[in-house]
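Asks: need the 3D shape of this:
(one chain, ligands or ions: 2)
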Amino acid sequence: MQTLLINIKELLQVRETPIAKVSGAEMAVLPSIKNAFLLIENGIIASFGPMENCPKLNVEIIDATGKIVLPTWCDSHTHIVYAGNREQEFVDRINGLTYEEIANRGGGILNSAKKLNETSEEELYCQSQKRLEEVMQQGTGAVEIKSGYGLTVAGELKMLRVIKKLAENYPIAIKATFLGAHAFPAAYKENHSAYLDLIIDQMLPKIAEEKLADYIDAFLETGYFSVAETERIMEAGKKYGLRAKIHVNQFTAIDGIAACVKHNALSVDHLEIVTDADIEVLKNTETMPVALPSCSYFISIPYTPARQMLNAGLPLALASDFNPGTTPSGNMNFVVATACIKMKMTPEEAINAATLNGAYAMGISDTHGSITKGKKANLIITKPLNSFYEIPYAFGSNLIEQVILNGKSIL
Ligand SMILES: N=CN[C@@H](CCC(=O)O)C(=O)O
Ligand SMILES: [Zn+2]
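Replies: Numbers count the residues shown, from 1 in each chain. Ligands and ions are numbered 1, 2, ... in the order given. So this is what the prediction gives:
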């Protein structure tokens with residue numbers, strides 16, 4: 001099965017030689033081919049180049065005159081599987097309460113956990129499926145999904161089974177992350193070590209037995225999981241082959257990043273509050289920093305200091321953080337635009353961060369995140385545009401005409 005895209009106005013994120021990620025000044029470069037073709041064979045990118053080298057084939061043709069083609073977004077941090085919603089907390093924040101105050105009143109993550117434990121697996125699947133379909137239509141072709149709204153053995157397993165079922169039923173690539181350490185349930189508020197025991201002795205072995213997770217996460221934050229508690233979680237995950245991807249530095253900097261780097265975490269995510277020491281410790285490591293600008297936007301907290309980090313030579317990935325509390329949106333087009341508008345990333349840097357570096361932060365940059373022979377044919381075809389700068393510039397418009405996953409059009 002072959003499909004040939006012809007007359008592509010500009011083919012973005014072209015990497016002839018595969019690379020795992022881009023860092024620092026490299027991020028300002030987004031290699032492209034103008035007036036290009038791309039050949040898809042059995043769901044894989046078989047060939048691409050300038051139109052003058054386009055093969056003459058009697059196959060399905062997509063004429064992309066005037067349109068930009070780029071790899072689909074790689075969203076490396078989401079909580080798409082959740083039950084119900086938290087609109088009331090949204091209004092409470094408008095009326096002056098902070099995220100912390102709402103959480104202290106039993107709202108926040110515990111509010112979502114209560115709803116999730118009252119919801120059947122089938123119903124949870126139906127609710128989550130709609131959100132997954134929505135982000136696919138918005139151009140996301142690979143997504144990481146976390147558990148973390150169960151906080152009980154049954155609830156966490158339910159979430160992870162829903163994620164597994166989504167991965168089986170949809171063409172989008174899905175990585176699952178176990179986030180039992182998202183918050184302490186009320187019953188364990190004064191007995192943290194007992195909840196860690198529950199995660200390590202009850203949840204993890206069952207999750208490993210059913211092969212339900214690829215990664216392990218914890219909310220390393222003042223008032224949530226301490227550095228030492230998160231280290232226990234990371235060590236326990238390692239025993240089951242689960243590498244860490246950690247929520248850290250969302251509200252406070254407490255030397256959590258150093259602990260994550262020490263444990264060779266695949267990514268450290270949020271980073272709204274970052275110190276010079278945090279930046280220093282991330283240099284020359286395999287840990288990808290991940291910024292979540294839609295979260296900063298929605299709950300009015302600082303944006304990750306992208307310029308400072310890129311100037312220090314660090315890589316950066318962008319993800320949505322789609323969740324009911326701090327980011328009820330999985331729209332990666334908005335994430336890219338917000339990174340440009342609020343974090344002063346150039347469109348080239350933002351697209352690198354939301355494709356190749358996002359793939360790295362999910363451990364899939366050998367198959368996703370760039371236009372490279374042998375990688376999955378996961379493509380966004382835009383509407384006719386002046387240039388790709390219009391993607392972040394026209395931040396409120398839907399500029400996507402077609403989304404192709406594994407070589408097949410889904411939109
Ligand atoms: N900060 C921790 N976890 C989520 C929010 C969880 C919630 O409020 O439901 C986040 O990444 O923002
Ligand atoms: Zn999150």
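
Asks: quick one, strands of the stretch 101-250 of the chain?
Replies: Here the stretch 101-250 of the chain has its strands, by DSSP state E, counting those that start in this stretch, at 140-146, 173-181, 215-220, 243-248.

Asks: how about those in CSV, adding distance to residue 355, mean pLDDT and mean neighbour count?
Replies: Glycine gets a C-beta too; all of them are placed from N, C-alpha and C. Below are the strands of the stretch 101-250 of the chain laid out as CSV (distance: least, Cβ to Cβ, whole Å; pLDDT from 0 to 100; neighbours: other Cβ atoms under 10 Å):
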stretch, distance to residue 355, mean pLDDT, mean neighbour count
strand 140-146, 9, 99, 29
strand 173-181, 13, 99, 26
strand 215-220, 20, 99, 28
strand 243-248, 18, 98, 27
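
Asks: what does the protein put close to ligand 1?
Replies: With Cβ under 6 Å from any ligand atom as the criterion, the chain meets ligand 1 at residues 108, 109, 112, 219, 247, 250, 295, 321, 323, 324, 325, 326.

Asks: which strands or helices does the helix or strand of the chain with the lowest mean pLDDT pack on?
Replies: Counting by mean pLDDT, DSSP states H and E, the weakest-scoring helix or strand in the chain turns out to be helix 99-104, with a mean of 93. Applying 3 or more Cβ pairs under 8 Å, 6 or more residues apart in numbering; DSSP states H and E, we find helix 99-104 packed against helix 87-94.

Asks: what helices or strands is the helix it packs on leaning on?
Replies: Contacts defined by 3+ Cβ pairs under 8 Å, 6+ apart place helix 87-94 against helix 99-104.

Asks: list of residues touching the helix it packs on?
Replies: For helix 99-104, the surrounding residues in contact (Cβ atoms under 8 Å, 6 or more residues apart in numbering) are 89, 92-93, 108-110, 183, 223, 251, 299, 301, 325-326.

Asks: how about the residues you listed in a markdown table, adding neighbour count?
Replies: Converted to a markdown table, those look like this (neighbours: other Cβ atoms under 10 Å):
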| residue | neighbour count |
| --- | --- |
| 89 | 22 |
| 92 | 17 |
| 93 | 17 |
| 108 | 20 |
| 109 | 24 |
| 110 | 18 |
| 183 | 24 |
| 223 | 13 |
| 251 | 18 |
| 299 | 19 |
| 301 | 16 |
| 325 | 24 |
| 326 | 23 |
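
Asks: return the member of those residues nearest to residue 66.
Replies: residue 326 (37.7 Å; Cβ to Cβ).

Asks: test my guess that that closest one contacts residue 297.
Replies: No. Between residue 326 and residue 297 there is no contact under Cβ atoms under 8 Å: 9.8 Å.

Asks: check which residues of stretch 108-120 are buried.
Replies: 108, 109, 110, 111, 112, 113, 114, 115, 116, 117, 119 (16 or more other Cβ atoms under 10 Å).

Asks: show the contacting residues for the nearest residue to the second one once chain neighbours are set aside.
Replies: So the one you mean is residue 109. Excluding the flanking residues, the one nearest residue 109 by Cβ to Cβ, 6 or more residues apart in numbering is residue 183, at 4.1 Å. Applying Cβ under 8 Å, 6+ apart to residue 183 gives the contacts 103, 108, 109, 110, 113, 148, 151, 219, 224.

Asks: may I have the phi/psi pair for residue 183?
Replies: Dihedral pair for residue 183: phi -160, psi 160, per degrees, to the nearest 10.

Asks: distance of it relative to residue 221?
Replies: 10 Å (Cβ to Cβ, to the nearest Å).

Asks: who touches residue 136 in this structure?
Replies: Residue 136 touches 170, 172, 403, 405, 410, 411, counting by Cβ under 8 Å, 6+ apart.

Asks: and with 10 Å instead?
Replies: Neighbouring residues of residue 136 by Cβ atoms under 10 Å, 6 or more residues apart in numbering: 72, 73, 143, 170, 171, 172, 330, 403, 405, 410, 411.

Asks: what does residue 147 give?
Replies: 79, 81, 116, 155-163, 176-180, 182, 203, 207, 212-213, 217.

Asks: any low-confidence regions in the stretch 251-400 of the chain?
Replies: The model of the stretch 251-400 of the chain has no residue with pLDDT under 70.

Asks: if anything else comes up later, I'll come back, but that's it for now.
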